[in-house]
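next come a sequence and a model predicted from it.
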Amino acid sequence: MSELSSTDKLTIVQYAIEKYENEAILLEKLKTILSEKDAQRSIDTLIGTQRVRRIGPEIIQNNTSHTELPELPENLRPIVDSL
């Protein structure tokens with residue numbers, strides 16, 4: 001697999017959050033694609049830019065009232081589907 005850009009990583013994490021809102025499960029699923037550091041950094045970036053929000057200690061949700069999910073590029077679709 002080619003190297004993912006930071007934008008690609010953020011998009012993958014946003015779509016993974018759609019599937020798995022529990023942070024522990026989300027990080028476990030993302031381990032197959034991203035390093036734990038990259039996954040955590042992406043989550044922190046998305047929270048900081050208000051594209052996702054933390055609900056309680058374990059739940060993360062896309063903040064669709066603030067911003068829509070980005071369009072999923074074709075090259076990322078198989079990666080997201082494999083999660």
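On my side now, so go ahead.

and the strands in this protein?
Ranges of strands in the chain, per DSSP state E, are 52-55, 59-62.

in the protein, where is pLDDT below threshold?
For the chain, the stretches with pLDDT under 70 are 1-2.

in it, which residue is closest to the centre?
The centroid of the chain falls nearest to residue 13 when counting by Cα atoms, centre = their mean (1.1 Å).

give me every residue that touches the residue nearest to it when sequence neighbours are not counted.
Spatial nearest neighbour of residue 13, excluding adjacent residues (Cβ to Cβ, 6 or more residues apart in numbering): residue 42 at 4.2 Å. C-betas here are computed from N, CA, C, even on glycine. Applying Cβ atoms under 8 Å, 6 or more residues apart in numbering to residue 42 gives the contacts 6, 9-10, 12-13, 34.

what do you get for residue 26?
Applying Cβ under 8 Å, 6+ apart, one finds that residue 26 lies in contact with 16-17, 20, 39, 43, 60.

how about stretch 44-52: buried residues?
Buried residues in stretch 44-52, counted by 16 or more other Cβ atoms under 10 Å: 46, 51-52.

which of the residues you listed lies closest to residue 68?
Nearest to residue 68 among the buried residues of stretch 44-52 is residue 51, at 9.4 Å by Cβ to Cβ.

check contacts around the closest one.
Applying Cβ under 8 Å, 6+ apart to residue 51 gives the contacts 10, 14, 62-63, 66-67.

10 Å instead, please
Residues in contact with residue 51, defined by Cβ atoms under 10 Å, 6 or more residues apart in numbering, are 10, 13-14, 17, 45, 62-64, 66-70.

redo those as JSON lines? Include distance to residue 77.
Below are those laid out as JSON lines (distance: Cβ to Cβ, whole Å):
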{"residue": "10", "distance to residue 77": "16"}
{"residue": "13", "distance to residue 77": "15"}
{"residue": "14", "distance to residue 77": "14"}
{"residue": "17", "distance to residue 77": "16"}
{"residue": "45", "distance to residue 77": "22"}
{"residue": "62", "distance to residue 77": "18"}
{"residue": "63", "distance to residue 77": "23"}
{"residue": "64", "distance to residue 77": "20"}
{"residue": "66", "distance to residue 77": "24"}
{"residue": "67", "distance to residue 77": "21"}
{"residue": "68", "distance to residue 77": "17"}
{"residue": "69", "distance to residue 77": "13"}
{"residue": "70", "distance to residue 77": "13"}
